[in-house]
Structures are given as structure tokens and as C-alpha cells.
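Novice: Sequence and computational prediction follow.
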Amino acid sequence: MRSENELEGITLLGNQHTRYANDYDPALLETFVNKHPENDYVVTLDCPEFTSLCPKTGQPDFGRIVIRYIPDERMVESKSLKLYLFSFRNHGDFHEDCVNIIMKDLVALMQPRYLEVSGIFNPRGGIRILPFASYADNEHQELRQQRIAANLAETL
């Protein structure tokens, strides 16, 4: 079981008075200590109900965001991630921008060994957009290149 010290800074989990942000807010993100930093392991977080707004028309866009990462010292707390992703609901940006913003915010938050964000957006105007963004520390650059190549092969 985790100690109170290890749970310090986690304010949203278990809070009965959850407030939902009206616009994009990276300050919602919280972390906790990775108890297994000696291991390279993958954490996958899947948000099948992501929404944002088209920056030009204001029309809603719907999609799925999949985040995969190899943690180092810190890990993202899932309720804070849920509220953070919900904060995009009234945020106007293109799909590609949303995916890159999420990746950059999570890298700044956790400083993981490796992190990738995939967007699987519902078609608009008959076109499905599938952006992919990734980050790797020096030791995981080969993995990053492999994942970019695999993503390119999947979408062709």
C-alpha cells in the first residue's frame, strides 16, 4: 500500500466535488511516484470519448486518444488525466494540434522515458484524421523511430 507521502499532491482522486474545466487546462494534471523505475514497462491509457472543437467552425469533433508511455520517476494520475482531456471539450484546435499539445504536456509533467499519443478521430467531410506524436529520451530513440515507422505503415 502507498504511504501518505507517496500520495501527496494527488488532490482530485477521491474528491467528491469534482469540477470540470470550461477550457484547456494543463494545470489539472497530477502525478505520483513510480514504484518500479528500474523496469521498462508500458502504461496504456485509452480515452474513447475525446471531444474538442474545430477552430474555424466551432463544430464538435469526436475521437479517441490513446496514450502509451514508459515511465521514469513519475506517472500521471488517471482522474487528473480524465479531467485534463475533458478540458479540451470547449477548446478549438485541429486534431494534429490536440495530439501534440497532449504529448508535450505529458512529457513536461512526467519526463517519461518514452511517450506516444495517437488520435483516432471520427470522419468529418468523409475524411478520418489519425495524428501520432511521440517523444523519447536518449536511450529510447530507436523505439521512437520504430513506432513512427510502424505508424506510417499502418496508415498507408
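Specialist: Happy to help now that I have it. Keep in mind that what you see is a predicted model, and the values were worked out from it rather than measured.
Novice: mind listing the helices in this protein by residue range?
Specialist: 78-86, 95-110, 141-155 (DSSP state H).
Novice: And the ones you listed: which comes nearest residue 41?
Specialist: Among those, the nearest to residue 41 by Cβ to Cβ is helix 141-155 (13.0 Å). For glycine as for every other residue, the C-beta is placed from the backbone atoms N, C-alpha and C.
Novice: buried sites along that closest one?
Specialist: 143, 144, 147, 151 (16 or more other Cβ atoms under 10 Å).
Novice: wait, isn't the first one in contact with residue 136?
Specialist: Yes. Checked against Cβ atoms under 8 Å, the pair residue 143 and residue 136 is within contact range at 6.1 Å.
Novice: tell me, what's touching these two both at once?
Specialist: residue 114 (Cβ atoms under 8 Å, 6 or more residues apart in numbering).
Novice: who touches residue 111 in this structure?
Specialist: Here residue 111 is in contact with 72, 73, 74 (Cβ under 8 Å, 6+ apart).
Novice: Sort out which of the residues you listed are buried, if you could.
Specialist: Buried among the contacts of residue 111 (16+ other Cβ under 10 Å): residue 74.
Novice: Compile the contacts of residue 111 into a markdown table and extend it with columns for pLDDT and distance to residue 92.
Specialist: Formatted as a markdown table, the contacts of residue 111 follow (pLDDT from 0 to 100; distance: Cβ to Cβ, whole Å):
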| residue | pLDDT | distance to residue 92 |
| --- | --- | --- |
| 72 | 98 | 33 |
| 73 | 97 | 34 |
| 74 | 97 | 30 |
